[in-house]
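*Asks:* Below are the sequence and a predicted model for it; my questions follow.
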Amino acid sequence: MFGEWKAMVLEVKPFGVHGLTYYDVTVTFPDRSVEQARLGPEAVPDELRPGEQVLATRVGNMVISLRRP
């Protein structure tokens, strides 16, 4: 399964690893399912905040990146 789905950000928790900021992100989809992902800085838009609408790229039922529409 590969594609992009509309989602809403529920939570964004940044944390540092070796000088880079990574993110634990929780999103919800229109079917009310909720997913969590640990994403690198290249996979998260700048200044992402809870409540934002995003497009989530999923591969094999895992969120691998988020972008603003």
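*Replies:* Thanks, I have the structure now.
*Asks:* ok, residues contacting the lengthiest strand in the chain?
*Replies:* The longest strand of the chain (DSSP state E) is strand 2-17. Here strand 2-17 makes contact (Cβ atoms under 8 Å, 6 or more residues apart in numbering) with 21-30, 34, 44, 48-60, 63, 66, 69. In this view, the C-beta of every residue, glycine as well, is placed from N, C-alpha and C.
*Asks:* Could you find the closest non-adjacent residue to A37?
*Replies:* Once flanking residues are discounted, A37 sits nearest to V63: 4.0 Å by Cβ to Cβ, 6 or more residues apart in numbering.
*Asks:* Tell me how many other residues crowd that neighbour.
*Replies:* If you count neighbours by other Cβ atoms under 10 Å, V63 ends up with 22.
*Asks:* Surely it is in contact with R38?
*Replies:* No. Between V63 and R38 there is no contact under Cβ atoms under 8 Å: 9.5 Å.
*Asks:* what is in contact with those two at once?
*Replies:* V25.
*Asks:* Local confidence estimate at M1?
*Replies:* M1 is assigned 75 on the pLDDT scale.
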